[in-house]
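Peer 1: Pasting a predicted model and its sequence here:
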Amino acid sequence: MVTHLWEWVRPELPWLVAGAALAVGAAALSVLAPGAVGRLQDSAASGSSPVPALVTLGGLVLGRFALEYGASTVITASCQNVADRMRMELFSQLLRSDIAFFDASSTGQLAKHLDSDVKQVRDAIRDVASKGVRAAATTVGGLATLLWLSPTLTGGLVVLLAPLVLAGNLFGAHMRRLASASSDASAAAAGVASESLANVRVVRAFNAEPAEQRRYGDALKVASDRSRDVAQAVSFFAGGATLALNAVTGAVLAGGSALVAAGAMTQGQVGTFLVHTLGLSGSLEAVSLQVNGTNKALGAATRLSNMLDAKPTANAPGGAQPGPLEGDIEWRGVGFAYPSRPSAKVLDDLSLSVKRGSTLALVGGSGAGKSTAGQLLLRFYDPDAGAVLVDGHDLRDVDPRWYRESVAVVPQHPLLFAASVLDNVLYGKPDATRAQVENALREAQCDFVFDLPEGLDTVLSEGGGSLSGGQKQRLSLARALVRDPRILLLDEATAALDAESEGKVQAALERACQARRRTVVVIAHRLSTVRMADSIAVLQRGRVVEQGTHAELLRRGGAYASLVQKQRGADHASLE
Ligand SMILES: Nc1ncnc2c1ncn2[C@@H]1O[C@H](COP(=O)(O)OP(=O)(O)OP(=O)(O)O)[C@@H](O)[C@H]1O
């Protein structure tokens with residue numbers, strides 16, 4: 001953790017030190033100011049000119065303002081740079097993380113780390129460099145001045161202040177607990193609101209508005225109760241602090257008057273002492289707040305460092321780049337369980353191969369492991385036993401970036417970005433020309449885009465919401481085709497579509513499979529989509545139980561034939 005913290009802070013260190021020096025300068029001036037006030041008082045008492053003391057006081061006040069302004073500007077800018085550096089490093093680390101990492105963490109939590117944990121560390125660095133340094137300097141300077149003015153009065157003050165500081169600290173810890181509960185409760189209420197709004201269609205369809213209002217109302221009530229607890233504690237603290245301050249002022253005045261009467265101090269010195277005393281209680285409180293804030297930030301920094309230390313394995317950069325990919329694929333004795341459920345074996349000695357330029361269909365019941373075999377082909381995970389090979393190379397030995405350059409996937413749920421049609425397709429190959437994009441769109445049967453109001457420049461709404469399911473799917477195919485991949489993985493690409501859209505997408509897929517010598521792996525639920533495949537493999541409990549062409553497998557009358565039978569029955573029943 002310390003290493004990461006040091007790396008984030010190091011480039012800004014000169015600026016932070018400069019800012020802290022300005023803050024110490026401001027603190028020194030604030031320690032000197034009460035002395036000038038005392039001299040002003042003494043000059044009034046002795047009838048001498050107040051001008052020199054006034055000029056000194058004015059200079060000190062203006063100087064302190066300038067130094068504080070400079071310190072705050074320099075430190076805030078440096079801390080923002082530190083936060084930006086942390087966010088960029090964390091974000092790129094997250095993007096490179098293994099897919100298994102995302103199985104184990106919610107994206108909401110990760111976004112929270114990127115936002116609030118980084119903010120906490122940034123604010124702590126800023127506060128330590130400015131307020132912390134200043135408060136420490138003021139405390140030391142203030143105590144030294146008090147001792148110099150009157151060691152007797154200072155001794156009495158320390159005896160009086162010690163229990164007050166202790167009580168303040170204990171109550172401060174209690175207030176921080178309340179504040180953290182209050183921030184959790186308001187985050188929970190915000191979570192309820194954002195979930196309801198994101199799912200507004202389901203809410204509307206199920207007439208669930210009153211239930212959602214109640215849910216939000218309940219969460220809000222908890223949040224406002226917690227926030228009231230905080231407000232009450234703050235008021236109590238403020239009242240208690242005023243009381244304590246009055247007691248200290250009274251004690252200093254009483255002790256000071258006794259010392260003036262005894263001729264040990266002047267009236268002005270007592271005034272100076274009193275101002276320093278008030279400043280000292282403020283800076284002591286600030287120091288204790290800094291210690292607590294820093295502890296919280298160290299917790300956040302540890303969480304962030306742990307994220308950075310989780311090194312990817314299935315996506316680790318480096319490895320061989322053995323010339324252009326040809327597209328021979330083999331799953332050789334593959335055994336695999338998801339890291340989040342290590343006891344559930346999903347693939348069990350899966351052995352299967354596809355020759356370059358041919359089409360393999362993976363079929364089988366739900367949960368048989370078809371998509372998992374595809375995820376291993378994309379090297380989202382590494383197998384626990386056996387190997388996945390391309391052109392005879394174990395995927396673990398090749399550079400994942402080099403490999404993915406030649407692979408494309410059309411997922412079951414097409415994910416489009418809130419960007420133009422052109423940019424959505426260019427996502428597949430950022431350096432493609434407009435003509436290449438148009439070809440890919442035609443190949444994927446996306447002629448509808450040319451009729452959109454602004455053609456390829458039409459901006460889609462988030463998730464491609466303005467298009468039909470089939471249109472989104474074909475656009476997603478165009479994005480894959482623009483790469484001209486050697487290996488194309490179609491993961492249930494037509495599963496979510498109605499018959500008409502499915503027909504269009506299917507036609508586009510068939511063209512895409514036949515065109516060029518491309519290896520295609522089709523994962524399919526609907527068997528109508530796999531008849532044309534060169535080979536069909538039926539998976540059951542993570543292993544191949546049958547393989548052959550559509551006609552061969554039908555003749556055999558085994559698992560495939562019964563799947564076809566079942567689906568015909570289901571289709572028939574749904575038509576009746
Ligand atoms: N990310 C994951 N973490 C843990 N288990 C998973 C994960 N993804 C899938 N599984 C489990 O692995 C098994 C195989 O899932 P897979 O998606 O490969 O099956 P499938 O044959 O594609 O099924 P379907 O046709 O229903 O999509 C299932 O039991 C599933 O619950």
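Peer 2: Right, received. Where do you want to start? Residues are numbered from 1 along each chain as shown.

Peer 1: Tell me where the model's unsure across the stretch 451-576 of the chain.
Peer 2: 462-465, 494-502, 504-505, 509, 512-516, 570-576 (pLDDT under 70).

Peer 1: Break down it into its strands, ranges please.
Peer 2: 487-491, 519-523, 535-540, 543-548 (DSSP state E, counting those that start in this stretch).

Peer 1: The ligand versus the residue nearest the centre of the chain, what's the distance?
Peer 2: With distances taken as CA atoms, centre = their mean, A111 lies nearest the centre of the chain, 2.6 Å away. As judged by CB to the nearest ligand atom, to the nearest Å, A111 and the ligand stand 20 Å apart. All C-beta atoms are positioned from the backbone trio N, CA, C, and that covers glycine.

Peer 1: Wasn't that residue part of a helix?
Peer 2: Yes - under DSSP: H, G, I helix; E, B strand; the rest coil, A111 sits within a helix.

Peer 1: Can you give me every residue that contacts it?
Peer 2: For A111, no contacting residues are found, by CB atoms under 8 Å, 6 or more residues apart in numbering.

Peer 1: interface residues of the stretch 151-300 of the chain facing the ligand?
Peer 2: Counting by CB under 6 Å from any ligand atom, no residue of the stretch 151-300 of the chain lies close to the ligand.

Peer 1: now do the chain
Peer 2: Checking the chain against the ligand by CB under 6 Å from any ligand atom, the hits are 103, 338, 340-341, 346, 364, 366-372, 525.

Peer 1: one more time with 5 Å
Peer 2: D103, Y338, S340, R341, V346, S366, G367, A368, G369, K370, S371, T372 (CB under 5 Å from any ligand atom).

Peer 1: and the residue of the stretch 201-350 of the chain found nearest the ligand, what does it touch?
Peer 2: Proximity of the stretch 201-350 of the chain to the ligand (CB to the nearest ligand atom) peaks at Y338, 3.4 Å away. Counting by CB under 8 Å, 6+ apart, Y338 touches A100, D103, A344, V346, T372, Y381.

Peer 1: Tell me the predicted confidence for it.
Peer 2: Y338 carries a pLDDT score of 93 in this model.

Peer 1: State the distance from it to P383.
Peer 2: Per CB to CB, to the nearest Å, Y338 is found 12 Å from P383.

Peer 1: Compute the inter-axis angle for the helix or strand containing L360 and strand 519-523.
Peer 2: In the assignment (DSSP states H and E), L360 maps to strand 359-364. Orientation check (axes from the mean of the first three to the mean of the last three CA atoms, to 10 degrees): strand 359-364 against strand 519-523 gives 20 degrees.

Peer 1: low-confidence ranges in the stretch 1-150 of the chain?
Peer 2: Looking at the stretch 1-150 of the chain by pLDDT under 70, you get 1, 105-109, 112.

Peer 1: quick one, what contacts the residue of it found nearest the ligand?
Peer 2: Ranked by CB to the nearest ligand atom, the top residue of the stretch 1-150 of the chain for proximity to the ligand is D103, at 4.6 Å. With contacts defined as CB under 8 Å, 6+ apart, D103 is in contact with Y338, P339, S340.

Peer 1: how close does it sit to T76?
Peer 2: D103 is 39 Å from T76, by CB to CB.

Peer 1: what's the following helix or strand after the longest helix that the chain contains?
Peer 2: If you go by DSSP state H, the chain has its longest helix at helix 209-261. Where DSSP H and E defines the elements, the next helix or strand beyond helix 209-261 is helix 267-309.

Peer 1: Just to be sure, F417 is in a helix?
Peer 2: No - F417 is assigned coil when assessed by three-state DSSP, not a helix.

Peer 1: Can you get me a residue count around it?
Peer 2: Neighbours of F417 under the rule other CB atoms under 10 Å: 13.

Peer 1: Now the closest residue in space to it that isn't next to it in sequence: phi and psi?
Peer 2: Spatial nearest neighbour of F417, excluding adjacent residues (CB to CB, 6 or more residues apart in numbering): N424 at 5.8 Å. Here is the backbone geometry of N424 (degrees, to the nearest 10): phi -60, psi -40.

Peer 1: Was I right to think N424 contacts P414?
Peer 2: No - using CB atoms under 8 Å, N424 is not in contact with P414; the gap is 9.6 Å.

Peer 1: With neighbour numbers in mind, choose between the two.
Peer 2: Between N424 and P414, counted using other CB under 10 Å, the more crowded position is N424 (25 against 22).

Peer 1: What's the separation between the more buried one and the ligand?
Peer 2: 25 Å.

Peer 1: mind showing which ranges of the stretch 251-400 of the chain have poor pLDDT?
Peer 2: Using pLDDT under 70, the flagged stretches of the stretch 251-400 of the chain are 285, 288-289, 291-293, 295-296.

Peer 1: Start and end of stretch 300-318, how far apart?
Peer 2: 31 Å (CA to CA, to the nearest Å).

Peer 1: and it, how far from the chain's centre?
Peer 2: 13 Å (CA atoms, centre = their mean, to the nearest Å).

Peer 1: Convert the C-alpha atoms of the strand holding L360 to CSV, please.
Peer 2: C-alpha atoms of strand 359-364 as CSV (Å, rounded to 0.1, in the frame of the first residue of the first chain):
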residue,chain,number,x,y,z
THR,A,359,-18.2,-23.9,-39.0
LEU,A,360,-18.7,-25.8,-35.7
ALA,A,361,-22.0,-25.6,-33.8
LEU,A,362,-22.2,-26.3,-30.1
VAL,A,363,-25.6,-27.4,-29.0
GLY,A,364,-27.0,-29.0,-25.9
